[in-house]
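**Q** Generate a structure from the sequence data that follows.
(chains A and B)
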Amino acid sequence: MFFSALEFRAMRLSRSLIPTLKETPSEAQIASHRLMLRAGLVRQTSSGIYAWLPAGWKVLQNISRIVTEEQEAVGCQAMLMPTIQSADLWRQSGRYDAYGPEMLRITDRHQRELLYGPTNEEMLTDLVRQGVKSYRDLPQMLFHIQWKFRDEVRPRFGVMRGREFLMKDAYSFDLDYAGAVVSYRRQMLAYMRSFQRMGLKAIPMVADTGPIGGNLSHEFIVLAPTGESQVYFDAAFEKLDFGGDTYNAFSDADLERCYSDLTTHYAATDEKHDEAAWAKVADKREGRGIEVGHIFYFGTKYSDPMGLRVAAQGGGDLIPHMGSYGVGVSRLVGALIEAFHDEAGIIWPDSVAPFPAVIVNLKPGDAGCDELSEKAYAAFKGQALYDDREERAGAKFADADLMGHPWQIVIGPRGAKTGTVELKRRATGEKVEVSLEDALAKIAG
RNA sequence: CGGGACGUAGCACAGCCUGGUAGUGCGCCUGCUUCGGGAGCAGGAGGCCGGAGGUUCGAAUCCUCUCGUCCCGACCA
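**A** Have a look, this model is predicted:
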């Protein structure tokens, strides 16, 4: 059978739109913004609005996939709602006027008032209102990953504080407060699993609940040395593991234990920092953090005014209790880079890297190098990046480090003769000379 | 929304004060030599100097307006 790497043209660097930059564009101040531009992940098209180039789009999709899998694993249904919404819907909840100039308002050719959605509580409440009639239909938990727009006065930090951003937002509908608490805890677990899979250390911190009250609102802060706010937390958080079946999302006891593990220890950002409580913490940790998620329970704030009612078990109606749960998917790209980079560039965790590996052909045109490189490339079925450019070795190494591929398979004329490659792990800098087969096995394992 | 800057080649910048046919480095193209950590030499392409008015014989440069972008603060997933 004829099988050649030529069939996988798309990820040959010489044929790809991954424009790396040697110098930093002057608008970029923080590390992640600088590196995203330099590594060719994004390009700004307007203030706070970015185009995601091929490599950046892959990262966004990888994060979305992890978030989707973990949402579904706790029983949350994937769906997709539009970006454009009707102003009428927002008038029903009273938010059309309450929401300030951050909301992008649009008028169509018929002078109908529309808006580019900054969030979707109203829309989903409306959809549930149309489809859910009985207590038997509850609980419901749904999410989508969709572009949002908030007309920030001052966009900054690249993708971390853009106007247009990709967000996972989930909404839960329960019969009562007790049910809403279970949904809330499930989301909390899904969040911890998601962030752990991305290699991030995330800590839930109590957030303002506004007029609703109670303590059911948490911000998820990801630790990164260059984070925007100072955070204080108990070292107990470092020992928590959300992988495997540590906590069963469908066991009330496990959910309660999970919630307890996440909320009994001290954790606060500098705005909420309480010196008295902090003094009692035995094993203290401090660091910088970036908010990447926010979840809250808000009862009947939308269901009530929008007329969402279901038939109750004993007759009559009841008003479902709701919660909503956001993850800044595009912001996470920035947060990940803030957490994982060095002087040379990005250091992608394997789970979100745009490419599992880069194959660096040091001498395109050399029969031995080409053959071995194509063989390596074919082994990845086009999923790896193949640097087949006619560049000097130094430039290729610099770009490979900048783009942050977890593994680098370096193929030069020296090793090509014996089928040996140099395998470099980006995170540690460790390099070994091994056969291509061994290199592939090591990457797979 | 208050305060402060900046728009000159793909990127980073100089030139502006003191008007006179637009420059440097990197990148890009061609050739030769190089070739395992962002090479050297030679040649070349690429800019109505953000836009519109105005002053002037003449405007990147001076004046007015406008659009865009960034930084600090307040605000925020």
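
**Q** What residues does the stretch 1-150 of chain A have near RNA strand B?
**A** Proximity of the stretch 1-150 of chain A to RNA strand B is assessed by CB under 7 Å from any atom of the strand, with A:20-27, A:29, A:38, A:44, A:46-48, A:101, A:150 identified as the residues in range. Just so you know, the C-beta spots here come from the backbone N, C-alpha and C atoms, and that holds for glycine as well.

**Q** Under the pLDDT cut-off, which ranges of the stretch 201-350 of chain A? List them.
**A** Scanning the stretch 201-350 of chain A for pLDDT under 70 picks out the ranges A:209-215.

**Q** Which parts of it are helices?
**A** A:252-263, A:275-279, A:329-339 (DSSP state H, counting those that start in this stretch).

**Q** Going by neighbour count, list what's buried in the first one.
**A** In this case it means helix A:252-263. Residues of helix A:252-263 classed as buried by neighbour count (16 or more other CB atoms under 10 Å): A:254-255, A:258-259, A:261-262.

**Q** Mind checking which of the residues of the stretch 1-150 of chain A next to RNA strand B are buried?
**A** Judged by neighbour count, with buriedness set by 16+ other CB under 10 Å, the buried members of those are A:20, A:38, A:44, A:48, A:150.

**Q** what's the pLDDT at the residue in the stretch 51-200 of chain A positioned nearest to RNA strand B?
**A** Ranked by CB to the nearest atom of the strand, the top residue of the stretch 51-200 of chain A for proximity to RNA strand B is A:Phe165, at 3.4 Å. Among the per-residue scores, A:Phe165 shows a pLDDT of 96.

**Q** Then A:Phe2?
**A** The score at A:Phe2 is 38. That number is its pLDDT.

**Q** List the buried residues for stretch A:282-295?
**A** Judged by neighbour count (16+ other CB under 10 Å), stretch A:282-295 contains these buried residues: A:285, A:287-295.

**Q** With just CA atoms, put that stretch into CSV.
**A** Output for stretch A:282-295, consisting of C-alpha atoms alone and laid out as CSV, is shown next (Å, rounded to 0.1, in the frame of the first residue of the first chain):
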residue,chain,number,x,y,z
ALA,A,282,-0.9,26.0,59.8
ASP,A,283,0.6,25.4,56.4
LYS,A,284,0.4,28.6,54.3
ARG,A,285,0.8,29.1,50.6
GLU,A,286,0.9,32.3,48.7
GLY,A,287,1.1,33.0,45.0
ARG,A,288,-0.4,34.9,42.1
GLY,A,289,-3.6,33.8,40.4
ILE,A,290,-5.8,34.3,37.4
GLU,A,291,-9.6,33.9,37.5
VAL,A,292,-10.7,31.4,34.9
GLY,A,293,-14.1,30.4,36.1
HIS,A,294,-17.0,31.6,38.1
ILE,A,295,-20.0,29.6,39.3
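
**Q** hmm, it in reach of RNA strand B?
**A** Yes: contact check for stretch A:282-295 against RNA strand B, using CB under 7 Å from any atom of the strand: residues in range are A:291-294.

**Q** which one of those residues sits closest to A:Val132?
**A** Closest approach to A:Val132 among those (CB to CB): A:His294, at 25.2 Å.

**Q** beta partners for the closest one?
**A** A:Glu219, A:Gly326 (DSSP bridges).

**Q** correct me, but it touches A:His218?
**A** Yes: in this structure A:His294 lies within contact range of A:His218 using CB atoms under 8 Å: 7.4 Å.

**Q** list residues touching both of these two?
**A** Here A:His294 and A:His218 share the contacting residues A:Ala207, scored by CB atoms under 8 Å, 6 or more residues apart in numbering.

**Q** what residues does stretch A:113-122 touch?
**A** Stretch A:113-122 has contacts (CB under 8 Å, 6+ apart) with A:81-90, A:92-93, A:95-96, A:99, A:102-108, A:123, A:144, A:146, A:148-150, A:169, A:171, A:302, A:306, A:322, A:324, A:326.

**Q** Excluding chain neighbours, give the residue nearest to A:Gly227 in space.
**A** A:Arg288 (3.3 Å; CB to CB, 6 or more residues apart in numbering).

**Q** which residues sit in contact with the one you found?
**A** Under the criterion of CB under 8 Å, 6+ apart, the neighbours of A:Arg288 are A:223-231.

**Q** Buried subset of the residues you listed, written for PyMOL?
**A** The buried residues among those can be selected in PyMOL (16+ other CB under 10 Å) with this line:
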select buried, chain A and resi 223+224+227+228+231
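
**Q** same for RNA strand B: which of the contacts of A:Arg288 are within range?
**A** The overlap between the contacts of A:Arg288 and the neighbourhood of RNA strand B (criterion: CB under 7 Å from any atom of the strand) consists of A:Glu228.
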